[in-house]
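# the following comprises the amino acid sequence and a computationally predicted model.
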Amino acid sequence: MADLRTDVEDRGARWQISLALGKDYVSGLGVVKKQMQIGSAVVKMGGIAGVWTDEKHRFQGYASQSMWESIGVMERKNCDISILFGIADFYHRFGYVPVFASQSMRIATAQLLTLGGRLESRAGRKTDFESMRRLYRRYNAGRSGMDARPKGWYPRWYMPRWIEGAMRREGKMVVVCDARDRVCGYAIFDARMERTLVTEVCGKDRKALASVGHAIARRAKRTGANEVGFQLPPDDPFVSTCMPLGCSISTSYPSNSGAMGRIICLDRLMKKMLPVFNARWKNSDVNWAGRFTIETDIGCIGLEISGSGIALVDGGRVAISMSQSVLTQLVMGYRSAVAVASDKGVKIPRRLLPVLDVLFPKGNPYMWWSDRF
């Protein structure tokens, strides 16, 4: 192991981490640079992608070393949090825990065709990207897990592999426009004879969403698909648009795979979350004041709640204890404080449960397939 070394290369959109044994690279991965929403906050996220180990060098701990190296790189590069989409029973070793559910909706093409609100539809163009980005920001405001899509963002409309080992296909765009050809809604989809899949849908209002649904149904009908599948959160406005027509919704919560995350820098993440905490507290009716400390395996954070709001402090007499992985699920809104309170190793004083429920409300965190890596 004496000649084992790690190379880190900045490739612009990602850091490439490669583990070399002598002259040969034996393992590695990429860390994708992203800006991600958590509530209304925008945090710096490192996305783990393309983990590999040379076949001749597997089962020797090289992939694990690459993962630990990546966490060190993200710490040095000031990442707040990390997300990955992974296989079962591996990434928990590095503090990763599920943070998004897998959610889908299915609806008959014939039913989708009955949606009203018939705005004109056409294929999307590059000149639509900025309008689509602004629409996306409004539509997904406040949802944790979303790519922040800053100005200048350029899309990669890749669809999920629907057959193991299949090549990833690039999705198509359809937009709906008003009389002045302004984009009011859009969808990213893949229409084939056997099925039509939509991986992102967005609209400025119910009329626009109905028009998007109708446009997708027409394209599905042309290919002979009797059903359209949507990958989207269960509380997405498009779901309520389709519910009266009859649809089926499936939500899967993985125990140790899929969309997983971990906190990289606790202090920096909590500083960015302070405005979110203050807004949530201001809109709550919980009557509590004082200081408390959240103790984790990667550090401690102190919070003070007073009449002037919420502030970070050195600590408090009341202590909450939990692993960073549990705190990650709370921060993302994947689980509630009441739900995690019974986990092994978690200590939350009963009087602080309502406080944590305000600061870390249960939600439906999600990342559209277009932004996955």
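Alright, I've got the coordinates.

# the helices in the stretch 151-300 of the chain, which residues?
Per DSSP state H, counting those that start in this stretch, the stretch 151-300 of the chain carries helices over the ranges 206-223, 237-242, 266-282.

# make TSV out of the ones you listed and add distance to residue 45.
For every residue, glycine as well, the C-beta is placed using N, CA and C. Shown next, in TSV, are the helices of the stretch 151-300 of the chain (distance: least, Cβ to Cβ, whole Å):
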stretch	distance to residue 45
helix 206-223	28
helix 237-242	25
helix 266-282	10
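
# nearest to residue 5, of those helices?
Of all these, helix 266-282 sits nearest to residue 5, with 28.8 Å by Cβ to Cβ.

# quick one: list the elements packing against the closest one.
strand 24-38, strand 41-53, strand 299-306, strand 309-313, helix 324-332, helix 353-359 (3 or more Cβ pairs under 8 Å, 6 or more residues apart in numbering; DSSP states H and E).

# ok, residues contacting it?
The contact list for helix 266-282, computed with Cβ atoms under 8 Å, 6 or more residues apart in numbering, reads 38-43, 78, 80-81, 263, 296, 298-301, 303, 305, 309-312, 324, 327, 331, 358-359, 361.

# most tightly packed of the helices of the stretch 151-300 of the chain?
helix 206-223 (a mean of 21; mean count of other Cβ atoms under 10 Å).

# helices and strands around that helix, which ones?
Against helix 206-223 (3+ Cβ pairs under 8 Å, 6+ apart) you get helix 109-112, strand 120-123, strand 172-177, strand 183-191, strand 196-203, strand 227-231, helix 237-242.

# which one, of the helices of the stretch 151-300 of the chain, ends up nearest to residue 12?
Between residue 12 and the helices of the stretch 151-300 of the chain, the tightest spacing by Cβ to Cβ is seen for helix 266-282, at 22.8 Å.

# and that closest one, how far out from the chain middle?
Taking Cα atoms, centre = their mean, to the nearest Å, one finds the center of helix 266-282 at 19 Å from the center of the full chain.

# which stretches of the protein have low pLDDT?
Scanning the chain for pLDDT under 70 picks out 1-2, 162-167.

# so what's the gap between stretch 265-273 and the chain middle?
Taking mean C-alpha positions (Cα atoms, centre = their mean), stretch 265-273 and its chain are 18 Å apart.

# repeat that for stretch 188-200.
Here stretch 188-200 is found 21 Å from its chain centre; the criterion is Cα atoms, centre = their mean.

# can you point out the buried residues in it?
In terms of neighbour count (16 or more other Cβ atoms under 10 Å), stretch 188-200 has its buried residues at 188-191, 195-200.

# picking that back up, now distance to residue 137 too, for the helices and strands packed on helix 206-223, in TSV please.
TSV is the format used below for these (distance: least, Cβ to Cβ, whole Å):
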stretch	distance to residue 137
helix 109-112	26
strand 120-123	22
strand 172-177	16
strand 183-191	13
strand 196-203	10
strand 227-231	20
helix 237-242	15
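
# go through those and name the closest to residue 22.
The closest of those to residue 22 is strand 196-203. By Cβ to Cβ, the value is 42.6 Å.

# before we move on, back to that, so which of the helices of the stretch 151-300 of the chain is nearest residue 88?
Evaluated over the helices of the stretch 151-300 of the chain, closeness to residue 88 peaks at helix 266-282, with 26.5 Å, by Cβ to Cβ.

# which of the contacts of helix 266-282 count as buried?
Listed as buried from the contacts of helix 266-282 are 38-39, 41, 43, 80-81, 263, 296, 298, 301, 303, 305, 310, 324, 327, 331, 358-359; burial here means 16+ other Cβ under 10 Å.

# for residue 106, phi and psi?
phi -130, psi 140 (degrees, to the nearest 10).

# so which of the helices of the stretch 151-300 of the chain is nearest residue 21?
Closest of the helices of the stretch 151-300 of the chain to residue 21 is helix 266-282, at 33.7 Å (criterion: Cβ to Cβ).

# how big is the angle separating the closest one from strand 299-306?
30 degrees (axes from the mean of the first three to the mean of the last three Cα atoms, to 10 degrees).

# returning to what we had before: nearest to residue 248, out of the helices and strands packed on helix 266-282?
For these, proximity to residue 248 was assessed by Cβ to Cβ; helix 324-332 is nearest, at 26.1 Å.

# tell me the helix or strand right after the closest one.
helix 337-340 (DSSP states H and E).
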